[in-house]
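Peer 1: my questions are about this predicted structure, shown below with the sequence.
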Amino acid sequence: MTVLIQGESGTGKDLLATEIHRRSNRGKGPFIALNCAALPEHLIESELFGYEKGAFTGATAMKRGKFELANGGVLFLDEVGDMSLATQAKLLRVLETRRVERLGSTTSQEVDVRIVSATNKDLAAEIAKQTFREDLYYRLRVVLLRIPALREHREDVPLLVQQFCRMLGEKHGRPGLAVSKEAMELLQLAEWKGNVRELKNVVESAIVMSSGETLTPTDFSPDFLGTRSSGAGASADAGLLALNDYREARRQFEIAFIKSKLREHSGNITKTAAAIGLHRQSLQEKLRELGIRAEPE
């Protein structure tokens, strides 16, 4: 039966569609995806149904459409709510007849395809605006699955962060990274308007830019903190205040530590960098950042 997945952008609708396919009886068959929002209207039909040679200008050879390619498997229609009414009518006909006709052809062929679709739109509202067909909606949503926004299940943020640290840490040659309690608390307070996709990007940025074995609040971009949940209230404000205090304390420690090492090595940048475990250029950048002047004794 058909499945319709609803959820905001970045919640992982495509991953859920892939998992539905993997666990189904069609798991060994093809999984073909089409993003309906990424293509102009005149190209969606040729992508869905294919075309014969000479069907239109530029059709120099026959091309099989997504329905044919997905035969025996799953066709995933991402952002189906962006499909035009004309294409919706043709899609509905395929769902009803189980037959597809290439553009420029006079014959049709039977296809055995399961449709899984996804949208970030409220299709009931689109029906009211007459931009989405009601009969197609009920064809697509025999099973309706809704993926909640990340702000609706903040208790999963630590699990997601740990998974991203494992996965992305391996990718960037930094396995075994941990996240401090303070950083995790701040991550849970954020609004995450981009949902899991945004969280993943923020974690990956922290992994790439940090140097320690544990990710702390200062390793994460402060930009996302500005979109924290209003419902978090005083807890979020207290967390941000603690973060600012932590950053200033860390800055003062770095200044004192680097000045001490410079004195030990008579202001020699190369020797000081080697003692600290930094590249010479990295130390010079840190000196500029902290406003420290290295003056040989």
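Peer 2: In hand now; what should we look at?

Peer 1: show me which residues of the helix or strand harbouring residue 90 are buried.
Peer 2: Using DSSP states H and E, residue 90 falls within helix 85-97. Within helix 85-97, the residues that qualify as buried are 87-88, 90-92, 94, counting by 16 or more other Cβ atoms under 10 Å. For every residue, glycine as well, the C-beta is placed using N, CA and C.

Peer 1: and those, which is closest to residue 271?
Peer 2: Comparing these against residue 271 with Cβ to Cβ places residue 87 closest, at 68.4 Å.

Peer 1: check contacts around the closest one.
Peer 2: 41, 44-45, 48 (Cβ atoms under 8 Å, 6 or more residues apart in numbering).

Peer 1: any idea how far it is from residue 167?
Peer 2: Distance of residue 87 to residue 167, computed by Cβ to Cβ, to the nearest Å: 36 Å.

Peer 1: then residue 160?
Peer 2: Residue 160 sits 10 Å away from residue 167, going by Cβ to Cβ.

Peer 1: over to residue 289?
Peer 2: 30 Å.

Peer 1: so these two - more neighbours on which side?
Peer 2: A side-by-side neighbour count of residue 289 and residue 167, using other Cβ atoms under 10 Å, places residue 167 first with 13 against 10.

Peer 1: can you check the pLDDT for the residue nearest to residue 131 when sequence neighbours are not counted?
Peer 2: Once flanking residues are discounted, residue 131 sits nearest to residue 85: 7.2 Å by Cβ to Cβ, 6 or more residues apart in numbering. Looking at residue 85, its pLDDT is 94.

Peer 1: now do residue 157
Peer 2: For residue 157, the predicted pLDDT is 95.

Peer 1: what's the helix or strand it falls within in contact with?
Peer 2: Using DSSP H and E, the element containing residue 157 is helix 157-171. The contact list for helix 157-171 (Cβ under 8 Å, 6+ apart) reads 150, 175-179, 184, 187-188, 196, 199-200, 203-204, 207, 215.

Peer 1: stretch 271-283 too?
Peer 2: 258, 261-262, 264-265, 269-270, 286, 294.

Peer 1: again, only using 6 Å
Peer 2: The contact list for stretch 271-283, computed with Cβ atoms under 6 Å, 6 or more residues apart in numbering, reads 261-262, 265, 269-270.

Peer 1: repeat that for stretch 179-187.
Peer 2: Contacts for stretch 179-187 (Cβ under 6 Å, 6+ apart): 157-158, 161, 214-217, 239.

Peer 1: and what of stretch 3-12?
Peer 2: In contact with stretch 3-12 (Cβ under 6 Å, 6+ apart) are residues 13, 16, 116-120, 140-141, 143-147, 149, 194-198.

Peer 1: in that stretch, which residues are buried?
Peer 2: Buried, per 16+ other Cβ under 10 Å, within stretch 3-12: 3-8, 10-12.

Peer 1: of those residues, which belong to helices?
Peer 2: Among the buried residues of stretch 3-12, no member falls in helices (criterion: DSSP state H).

Peer 1: out of these, list just those in strands.
Peer 2: With DSSP state E as the criterion, strands contain 3-6 from among those.

Peer 1: among these, which two are most distant?
Peer 2: 3 and 6 (10.6 Å).

Peer 1: what's the closest of the buried residues of stretch 3-12 to residue 26?
Peer 2: The closest of those, once distances to residue 26 are taken by Cβ to Cβ, is residue 3, at 12.0 Å.

Peer 1: the closest one and residue 32, how far apart?
Peer 2: For residue 3, the distance to residue 32 - Cβ to Cβ - is 15 Å.

Peer 1: hang on, the earlier thing: ranking the contacts of stretch 271-283 by neighbours, who comes first?
Peer 2: For the contacts of stretch 271-283, neighbours tallied by other Cβ under 10 Å; top is residue 262, 24 neighbours.

Peer 1: show the contacting residues for that one.
Peer 2: Residue 262 makes contact with 272, 294, according to Cβ under 6 Å, 6+ apart.

Peer 1: gap between it and residue 285?
Peer 2: For residue 262, the distance to residue 285 - Cβ to Cβ - is 15 Å.

Peer 1: ok so, going back, what are the buried residues along the helix holding residue 157?
Peer 2: Result for helix 157-171 [16+ other Cβ under 10 Å]: buried residues 157, 160-161, 164-165, 168-169.

Peer 1: want to try CSV for these, with distance to residue 127 as columns?
Peer 2: Listed next are the buried residues of helix 157-171 as CSV, based on distance: Cβ to Cβ, whole Å:
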residue, distance to residue 127
157, 34
160, 34
161, 38
164, 37
165, 42
168, 40
169, 45
